[in-house]
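Asks: everything below, folded, please.
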Amino acid sequence: MTGPTEPAPDRPAVVGRGRLGRWRDQAVALGWLVVVWSLLWGDITWANLVGGLLVGGAVLVFFPLPAVSFGGRLRPRALLVFAGRFAVELVSASLHIARIAVQPGYRPRGAIIAVRLRVPTDLILALTAEAVSLVPGTLILEVDRDAGTLYLHVLDTHGPADLDVARDRTLVVEQRIVRAVGSTAEVRRVETTSPQKGTRP
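Replies: Model prediction:
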């Protein structure tokens, strides 16, 4: 006789949330939509912030997203570290792409890899995918929600070592995001779980 089955450890069970929790989740989603809107415009102004609030509010009202529970906590210091490292990587990647664009006769090779995240919750998947996509040279092609896997197109690769670098860079972004907004259990998971190799094409 088989014993009772246990829930899979990769995806935490959804617990009941009150009205305050739902409002908090909506506020977090709206905040990230405003950030993405401002980054897409490339300039943080009052007009862009107001426009982001209007567009984000319309998206949440007319195109409601699936309920995503925020079970972590905001850590200002880790959030500043994430923002600072993201800005550095954004400038570095932009300069790299600019050098490729003006280099005569150079044709960069691209590759597609799969990166399985260590914290495959909807919130971490979405935030990691957004952060990776905003850096020039990397594009999210698909998100496998059930497997917690991101499929990325990486520009200017010369061999397996470059694919490993791109995979490790994605997992580092996930780690910084978890440190900034994840729960204690999620932080412990990214600190102790060994990352799996990304699938090479």
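Asks: what are the buried residues along the helix or strand of the chain with the lowest mean pLDDT?
Replies: One helix or strand of the chain scores below all others by mean pLDDT, DSSP states H and E: helix 19-41, with a mean of 77. By neighbour count with 16 or more other Cβ atoms under 10 Å, helix 19-41 contains the buried residues 25-26, 28-30, 32-39. In short, each C-beta sits where N, CA and C put it, glycine included.
Asks: dump these to TSV, plus distance to residue 191.
Replies: Below are these laid out as TSV (distance: Cβ to Cβ, whole Å):
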residue	distance to residue 191
25	25
26	30
28	23
29	27
30	30
32	24
33	29
34	30
35	26
36	27
37	32
38	31
39	28
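Asks: which one of the residues you listed is nearest residue 117?
Replies: Nearest to residue 117 among the buried residues of helix 19-41, counting by Cβ to Cβ, is residue 32 at 17.4 Å.
Asks: list the residues that contact the closest one.
Replies: Going by Cβ atoms under 8 Å, 6 or more residues apart in numbering, residue 32 touches 127, 130.
Asks: where's residue 41 relative to residue 49, distance?
Replies: The gap separating residue 41 from residue 49 is 10 Å, by Cβ to Cβ, to the nearest Å.
Asks: same check, this time on residue 161
Replies: Residue 161 is 41 Å from residue 49, by Cβ to Cβ.
Asks: who's more crowded, those two?
Replies: More neighbours surround residue 49 than the other of residue 161 and residue 49, with 14 against 9 (other Cβ atoms under 10 Å).
Asks: which residue packs closest to residue 173, ignoring adjacent ones?
Replies: residue 131 (5.2 Å; Cβ to Cβ, 6 or more residues apart in numbering).
Asks: assumed that neighbour was part of a helix.
Replies: Yes. Under DSSP: H, G, I helix; E, B strand; the rest coil, residue 131 falls within a helix.
Asks: from the chain's centre, how far out does the helix or strand in which residue 111 is found sit?
Replies: Using DSSP states H and E, residue 111 falls within strand 110-116. The gap between where strand 110-116 is centred and where its chain is centred comes out at 15 Å by Cα atoms, centre = their mean, to the nearest Å.
Asks: how about it: buried residues?
Replies: Buried residues in strand 110-116, counting neighbours by 16+ other Cβ under 10 Å, are found at 111-116.
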